[in-house]
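# Need coordinates for the below:
(chains A and B)
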Number of protein chains: 2
Amino acid sequence: MASPAKMQALLLREDGFSSDVVPAGQLRDVGRYLELAEVDLPKPGPGQVLIKVTASMVNPSDLMFIQGGYGQPRIKGAPAGFEGIGQVVSGNGFMAARVKGKRVSFVAGPAGSGAWAQYAVADATTVIKLRNDVAVEDGAALIVNPLTAAAMVEMVPDGGAFVASGAASQLGKLMAGYAKDSGKRMIGLVRRDAPMEALKALGAKEVLNETGKDFTAELKAVLKAEKPTIFLDCIAGSVSARVFNAMGNDSRWVVYGKMTSEPPEILEPGKLIFMRKKIEGFWLVTWMGRTGLLKKLAAIRKVQARFADGRWKTDISARLPLGKAMQDLPEALNASDGKVMITMG
Amino acid sequence: MASPAKMQALLLREDGFSSDVVPAGQLRDVGRYLELAEVDLPKPGPGQVLIKVTASMVNPSDLMFIQGGYGQPRIKGAPAGFEGIGQVVSGNGFMAARVKGKRVSFVAGPAGSGAWAQYAVADATTVIKLRNDVAVEDGAALIVNPLTAAAMVEMVPDGGAFVASGAASQLGKLMAGYAKDSGKRMIGLVRRDAPMEALKALGAKEVLNETGKDFTAELKAVLKAEKPTIFLDCIAGSVSARVFNAMGNDSRWVVYGKMTSEPPEILEPGKLIFMRKKIEGFWLVTWMGRTGLLKKLAAIRKVQARFADGRWKTDISARLPLGKAMQDLPEALNASDGKVMITMG
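Below you'll find the model as predicted:
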């Protein structure tokens, strides 16, 4: 099966970084950042593979990236999209030969040519050969959220508890099950009552609605009972600051996303001194770079097994054909807690 | 020489903690927190020594402690004061016998009976036998500031640079010399022009006045040239937040004091994620508990040698007799960057 010379892709319209960024959930003007165009197929370089994309995900990190608010610079005219599923059609080197013709999960984006396109380029060492029992939507979302969830829950001490903000998200749902199976207690924070029961059913020990009038008292009681030492936070706002301030000795506020525009305060800096509390970040790219290959492969196997046997599944809220993605994306993002997937058809 | 039955001491008037705390430099109403009284001599317990105090220091940590804003609870009616110099007059156990009759530096406070008194109690393992060539004022201030300065500068990578706020303080001066001798570059931040030259003479590579109109541009240029990765901060205010925000990849904001009442902001939480920046605290009590005995003894020897040979000296701005300390303390604290010492006479 020969590849065509041209492909459809969603291309970045701006270069580099920008500080003019709205939180992922509030993005409406997609046309400012992306354009649908027909371009030449990307050419894989040394150690890279060319992938015929089946479907790709829209993650919060993508929405930050296209605005210039992510940790890697944009390249104008390059296809966007970090993550997808597809078939390896060609490649260079030994590692590429290992996966040629296989169905794989991959991360692309700044390292290659992005996933929101009919063809993408990824590093051969990072593509993941998929078991037959992994569904398309799970394979399309196998890396960014699941590995982040697994790596962050692994930070929690054995038998310990942690707080997770934005817990109704796809990542929050993944963490709930992973935590329960690891013998760790998740305290999820959400902004509506609706997802609370489902999150408990998935494995969260406690779920609190941070917009409820009794939240402060509920939080205090839960922190006292569960004694969490890690706060996995994708909001980084004023509620985050209050949660961290209420946590006990030796606790760590681990920021992995930002869903508000107003900077959080360190309410009582003395607690950094006398209670040995710390504030830090988590980024999967850093984790990938600092974690040994065997440990990474073990994590990937564990993640894939959870999708294959149904312990994890990806909730898809909308499937948008590539040609209609730009016009339908804002409404789809606004609609639900599930994930939006782009299909290449 | 028999000890008397009674002694003069400055006693704590309140118990436990309080959130009603003013920064150390703004404390005026000393009588709310302390009273001068005659009380029984304290009795050393197992492993403790009784010390006839020659002189004791007034550190910022003392001023936070008496208000209830330090990491250890107050005990109403107990003598205040963390640090001093004196002679061991009695004690229990082998470690006490080792120092009996010797001139020593000591830390007291919550662990025993405080240093702002004619007699104090300290743990025998923590008193430091003084060389004859160490002056009284240096022996009185040998532990809290000097060990903090040494331990914090040791956090800076070899050959690296660091930023220090409140650098006109006694601790800042100690760090300047220690840093230079360790081959590390200190960037001191001060609030007046007056101490800038002296701080450079002591060893600071750069000194910036954070109240100057060109501070933002000066800071940017210095950060670019020196690439500091550690920010040792005793202020924890809005300028601190800006300094940390301007620092580069992998930098750490290490808070060891708080001189303002308004909480600092984390201006760009994304930098915790993408630039691997961190915020933490430093407390000498934690360092003492986590550092091995040999490493601690080596640090203490190094500190004492620096005072003995004159590389370090303690600038005393006022010597207050114990009986007049309460009335003269506010003015003395207000007067200068040097240290206030209480003498037992």
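
# which SS state does residue A:333 fall under?
Assigned with DSSP: H, G, I helix; E, B strand; the rest coil, residue A:333 falls in the helix class.

# For chain B, see how far away it is.
Here the distance between residue A:333 and chain B works out to 20 Å (CB to the nearest CB, to the nearest Å). For the C-beta atoms, the positions are set from N, CA and C on the backbone; glycine is no exception.

# And residue A:97, by the same measure?
Taken as CB to the nearest CB, the spacing of residue A:97 relative to chain B amounts to 34 Å.

# Excluding chain neighbours, what is closest to that residue?
Take residue A:97 and drop its neighbours on the chain: the residue closest to it by CB to CB, 6 or more residues apart in numbering or on different chains is residue A:91, 7.2 Å away.

# Just give the number of residues close to that neighbour.
In terms of burial, residue A:91 registers 25 neighbours under the definition other CB atoms under 10 Å in any protein chain shown.

# so it touches residue A:43, yeah?
No: checked against CB atoms under 8 Å, the pair residue A:91 and residue A:43 is beyond contact range at 10.8 Å.

# between those two, what contacts are shared?
Taking CB atoms under 8 Å, 6 or more residues apart in numbering or on different chains as the contact criterion, the residues that touch both residue A:91 and residue A:43 are residue A:50.

# Run through the residues that contact whatever residue of the stretch 1-150 of chain A ends up closest to chain B.
At 2.8 Å from chain B, residue A:71 is the closest residue in the stretch 1-150 of chain A, using CB to the nearest CB. Going by CB under 8 Å, 6+ apart, residue A:71 touches A:283, A:285, B:270, B:273-275.

# Would you mind listing the two of the residues you listed that lie farthest apart?
When CB to CB is used, the two most widely separated members of the contacts of residue A:71 are A:285 and B:270, lying 13.0 Å apart.

# out of those two, which sits in the busier spot?
Between residue A:285 and residue B:270, counted using other CB under 10 Å, residue B:270 has the larger neighbour count: 22 against 17.

# And that one, how far from residue B:79?
49 Å (CB to CB, to the nearest Å).

# Please apply the same query to residue A:290.
Applying CB to CB, the value for residue A:290 to residue B:79 is 50 Å.

# And for residue A:12?
Taking CB to CB as the measure, residue A:12 falls 67 Å from residue B:79.

# which residue sits closest to the residue nearest the centre of chain A, ignoring its sequence neighbours?
The C-alpha lying nearest the average C-alpha coordinate of chain A belongs to residue A:145 (CA atoms, centre = their mean; 3.6 Å). Taking CB to CB, 6+ apart as the measure, residue A:145 lies nearest to residue A:171, with 4.8 Å between them; neighbours along the chain are not counted.

# Same check on residue A:23?
residue A:259 (4.7 Å).

# same deal with residue A:138?
Here the residue nearest residue A:138, using CB to CB, 6+ apart, is residue A:307, at 4.0 Å.

# Off-centre distance for whichever strand in chain A runs longest?
Of all the elements of type strand in chain A, the one with the most residues (DSSP state E) is strand A:48-58. In terms of CA atoms, centre = their mean, to the nearest Å, the centre of strand A:48-58 is found 17 Å from the chain centre.

# what's the spacing between residue A:305 and residue B:36?
71 Å.

# typed the wrong thing, it's residue A:31
The span separating residue A:31 from residue B:36 equals 75 Å under the rule CB to CB.

# quick one: which of these two has more around it?
Taking neighbours as other CB under 10 Å, residue A:31 and residue B:36 compare with residue B:36 leading, 16 against 13.

# Would you check how far apart the more buried one and chain A are?
Taking CB to the nearest CB as the measure, residue B:36 and chain A are separated by 28 Å.

# Just list whatever residues bridge to that residue.
Listed by DSSP bridges, the beta-bridge partners for residue B:36 are residue B:10.

# Same question for residue A:58.
residue A:340.

# ok, how many other residues are close to it?
Burial measure for residue A:58: 25 neighbouring residues, criterion other CB under 10 Å.

# Then residue A:25?
By the measure other CB under 10 Å, the count of residues near residue A:25 is 12.

# Over to residue A:212?
Burial of residue A:212 is recorded as 14 neighbouring residues (other CB under 10 Å).

# which stretches of the stretch 201-345 of chain A form helices?
Listed in chain order, the helices of the stretch 201-345 of chain A (DSSP state H, counting those that start in this stretch) span A:215-226, A:238-246, A:270-274, A:284-290, A:293-308, A:325-335.

# Please work out which of these is packed deepest.
A comparison of the helices of the stretch 201-345 of chain A by mean neighbour count, using mean count of other CB atoms under 10 Å in any protein chain shown, puts helix A:270-274 on top with a mean of 22.

# could you dump that helix to PDB, C-alpha only?
Taking Å, rounded to 0.1, in the frame of the first residue of the first chain, the C-alpha atoms of helix A:270-274 are listed here in PDB:
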ATOM      1  CA  GLY A 270       6.100  29.500  57.500                       C
ATOM      2  CA  LYS A 271       4.600  26.000  56.800                       C
ATOM      3  CA  LEU A 272       7.300  25.500  54.100                       C
ATOM      4  CA  ILE A 273       9.800  26.000  56.900                       C
ATOM      5  CA  PHE A 274       8.300  24.400  60.000                       C
END
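
# So which residues on the stretch 51-200 of chain A come close to chain B?
Listed as neighbours of chain B in the stretch 51-200 of chain A under the rule CB under 8 Å from any CB of the partner chain: A:69-72.

# again, only this time at 6 Å
Proximity of the stretch 51-200 of chain A to chain B is confined to residue A:71 under the rule CB under 6 Å from any CB of the partner chain.

# which intervals of chain A have sub-threshold pLDDT?
A:1, A:109-111, A:336-337 (pLDDT under 70).

# Break it into its domains for me.
A:6-141+A:314-343, A:146-285 (automatic domain parsing).

# who wins for proximity to residue B:157 among the ones you listed?
Of the domains of chain A, the one closest to residue B:157 (CB to CB) turns out to be domain A:146-285, at 18.2 Å.

# Quick one: distance of the closest one to the chain centre.
From the chain centre to the centre of domain A:146-285 is a distance of 16 Å (CA atoms, centre = their mean).

# end to end, how far does it reach?
For domain A:146-285, the first-to-last residue distance is 13 Å (CA to CA, to the nearest Å).
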